[in-house]
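Student: the sequence and its predicted three-dimensional model are supplied below.
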Amino acid sequence: MLDAEATLARLRPILEDPSVAKVNQNIKYDLVVLRGHGLRPRGVAGDPMVADYLLHAGERSHSLEELARRYLNHSVIPITELIGKKSRKTPQLSMDQVPTTRVAVYAGEDADVAWRLCELLEAQLASAGALAPQDLQAPEALTQPRSPLGQLYTDVEVPLIEVLAELEYNGIRLDIPLLRRLSAEMGQQLAAIEKEIYDLAGHPFNIGSLVQLRQVLFEEVKLPVQGRTDITGAASTDQETLEKLAVLDHPGAALPRKILQHRRLAKLKSTYVDALPEMVNPKTGRIHTAFNQTVTATGRLSSSDPNLQNIPVRREEGQQIRQAFVPAEGWLLLTADYSQIELRLLAHFCGDAELRRAFAEERDIHAAVAAQIFGVPEDQVNAEQRRMAKTVHFGVIYGISPGGLAQRLQISRDEAAKFIDSYFARYPKVQEYQDQLLQNCRTTGYVTTILGRRRQFDRDALRANSTYQQRNTAEREAINMAVQGSAADVIKLAMLNVYRRLQRERRQARLLLQIHDELVLETPPEELDALAELVRQEMTTPVQKTLGLHVPLRIDLAFGPNWLDVKELSSA
DNA sequence: CATGTCACG
DNA sequence: ACGTACGTGACATGA
C-alpha cells in the first residue's frame, strides 16, 4: 500500500495548481475525499458524467461502465473484480485492502477512459444545437464549446461541481439529544395509538403490513373500498383513502383515523428521527448529504444518503425535526428562498402583461389572479378564492387537466374545466405560450430551459398516433420542464454567485443546503447583516440580468438558531 | 427487488 | 371514454 502522507505530498502541487486542468468521472467525489485529507484541488475542467447528463438527462445511466460501452465500445474492469461482491460470507473490501499493483491497473484504465470520454462528450456538447454566426467567428470557438449546451456545461455545471463538493464537505450540524428525546416521545405515542387500533380491530396485527391492513379494513371491518392501486389493483389504503373512510357513517370509521395518525408518526420516526442521528459523521459531528447533479430529468439537483431536501415542514408533528438542524456552536442559520420562482418564469416566458405587472408591483399573485377569474376587486378576494387560484397555478405549472384539478379542489370535472377556461380566457398568453411550446416540442423533439438545457421527448408520444394517456403525460412533462428546469437554472446561477462572493470576501459563512428554490447557510452572528446583503444581492439582480428576465426576482431571507425557528430578516 | 406509501419543492 | 398534475428519495413489507 502507498504511504498516504508521502503520496498526498507528491500530488498536492499538481492538484492545487489551477493551471493544471483536471477531469474525471464524478470528480465531485474526488474533491470531497481529497478535501477530507487537507487538499483543495483547483482547475476542475470537466466530467463526462455531467457532460452526458446535459446531452441525455433522464434518458439513460451516466455511469462510467455505460458511457465506456456506449461511446468507446469498451468494457471497463468491474470494481467487484477488486473488492468483491456484496455477500453475507465475504464482506466487500475497501480499496486500500487491494494490492497496489492491481489498483494501478484499474486506476489507470479509469483515468484513461474518463479522459477520452470527456473529450468525446465535450465535442458533442460543442456541436449540439445551432451555432450562432458570431460564435463561429469568435476565436475561442475553436477550442471552447460555445453552443448553448456547451456554455451551460462550461459556465454553469462544471463550476458548480466545486460548489456542490463544498456543500457536501461542509455538512450540517444536528441536535442529536433533541432527536433522541423526540424518538422516545414518539415511541410512546405510537404504542398508545397501536393499542387503540388493536381494540378497534378486535385483535393485534402488523399495522405496517398493507396485506394485513387491507384484511382488517375491507374484510373484517367491511369498510367500502375507495380506490385501487396502480400496479396490482389492490384496495388502496393511502392517506386520501383513509381520510374518505374516516368521515363515513360507519361503525368502523374510527379505525382509519387512528391508522392515519399511526402512519404519519411512524414515517417521521423511521425516516428522520431515528435514521438521521445514525448518519452523523463521527469525525465532523455533522451530517453530509450527497447532492446529485446527474439524476433528474429537468436539471434539478437531488439529495440522498440522507435526502435533506425532504425534511418535514408542512405539519406540526414534523416541525420538531427541523428544529434539530442547527448551525455550528455560537453561529446562526440563514435561509434564502425564491418567492414564486416558477410562476415568475411562466410570466417571463409567456409575456402576459397582466401577470408581469402583478409581479413588478409585488402584488399577492394568487389574490391578483383570483380577482381576475372570479371577477371581484383584489382586496375582496376571500381565502377560499385565493386557495383555488393557487391550486390552479400549480396546475398551470404542472400541465393542467380538468380531472386533476377537480380532484385537488374537490369539485366536479365540469366546474374544474370552467375554472381552467376562465383562467386561460383571462391569461390568453399563457395558453398561447404552452401551445407554442408543445408545437416546438413536436417538431424538434425537445424542450429547452432559459439556459438552453434540454429534455428529450418521444415525438410519437406527442402525436395523434399515441394513446390519449401517453400523449397527455408527455404534454404535461413537456410543459413542466420549461418552468421547473429554468428554475433549476436560476438557482444554480445563484449558488455560483453566492459561492464566489463568499470566497472573494473571505467570509466565514458557509453554504450548507440547496432545496430547489432555497439556500441554507451558516454564519457567525457578527457577519449576519453583511451576509444577508450579499445573498440578497447575488441571488437577484445579477441573475435577473444574466437571464434577461422581464420579471423581478424576489427572495425571502430569514435567520435563527435552527431551521424551524427562523425569523424574517427582510425581503427584496 | 417490486410495491405502496409519504416526506419535500 | 379517458382514473386524474410535475420532479425527487427512503422506508417497511413480502417475495
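Tutor: Yep, that arrived. Numbers count the residues shown, from 1 in each chain, chains lettered A, B, ... in the order given.

Student: show me what the mean pLDDT comes to for the lengthiest helix in chain A.
Tutor: The helix spanning the most residues in chain A, taking DSSP state H as the definition, is helix A:468-504. Helix A:468-504 comes out with an average pLDDT of 97.

Student: please save the CA atoms from whatever helix or strand comes next after it in PDB.
Tutor: Next in sequence after helix A:468-504, counting helices and strands by DSSP states H and E, comes strand A:510-514. The C-alpha trace of strand A:510-514 is given here as PDB (Å, rounded to 0.1, in the frame of the first residue of the first chain):
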ATOM      1  CA  ARG A 510     -20.700  28.500   4.600                       C
ATOM      2  CA  LEU A 511     -23.200  27.200   2.200                       C
ATOM      3  CA  LEU A 512     -24.900  24.100   3.600                       C
ATOM      4  CA  LEU A 513     -28.000  23.100   1.700                       C
ATOM      5  CA  GLN A 514     -30.000  23.700  -1.500                       C
END
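
Student: name the helices or strands packed onto strand A:510-514?
Tutor: With contacts defined as 3 or more C-beta pairs under 8 Å, 6 or more residues apart in numbering; DSSP states H and E, the packing partners of strand A:510-514 are helix A:158-170, helix A:468-504, strand A:518-523. Placement of C-beta: from N, CA and C, glycine included.

Student: hmm, it touching DNA strand B?
Tutor: No: for a cut-off given as C-beta under 7 Å from any atom of the strand, strand A:510-514 has no contacts with DNA strand B; the smallest distance is 9.5 Å.

Student: could you do stretch A:87-99 as well?
Tutor: No: using C-beta under 7 Å from any atom of the strand, no contact is recorded between stretch A:87-99 and DNA strand B, whose separation bottoms out at 12.4 Å.

Student: so for the longest helix of chain A, what gets flagged as buried?
Tutor: Using 16 or more other C-beta atoms under 10 Å as the burial criterion, the residues of helix A:468-504 that qualify are A:471-472, A:474-499, A:501-502.

Student: likewise for stretch A:398-415?
Tutor: Using 16+ other C-beta under 10 Å, the residues of stretch A:398-415 that count as buried are A:398-402, A:404-406, A:409.

Student: show the average pLDDT along whichever helix or strand residue A:212 is part of.
Tutor: Under the assignment given by DSSP H and E, the secondary-structure element containing residue A:212 is helix A:210-214. Here helix A:210-214 scores 98 as its mean pLDDT.

Student: and the next helix or strand past that helix?
Tutor: Proceeding N to C from helix A:210-214, the next assigned helix or strand is helix A:239-246, under DSSP H and E.

Student: picking that back up, which one of the helices and strands packed on strand A:510-514 lies nearest to residue A:339?
Tutor: Each of the helices and strands packed on strand A:510-514 has some distance to residue A:339 by C-beta to C-beta; the shortest is strand A:518-523, at 10.6 Å.

Student: in that closest one, which residues are buried?
Tutor: For strand A:518-523, the neighbour count (16+ other C-beta under 10 Å) marks A:518-523 as buried.

Student: how about stretch A:181-188?
Tutor: Of the residues in stretch A:181-188, those buried under the neighbour-count criterion (16+ other C-beta under 10 Å) are A:182-183, A:186.

Student: which helices and strands sit right next to the helix holding residue A:212?
Tutor: With contacts defined as 3+ C-beta pairs under 8 Å, 6+ apart, helix A:210-214 has no helix or strand neighbours.

Student: 10 Å instead, please
Tutor: Using 3 or more C-beta pairs under 10 Å, 6 or more residues apart in numbering; DSSP states H and E as the contact criterion, the neighbours of helix A:210-214 among helices and strands are helix A:176-201, helix A:254-268.
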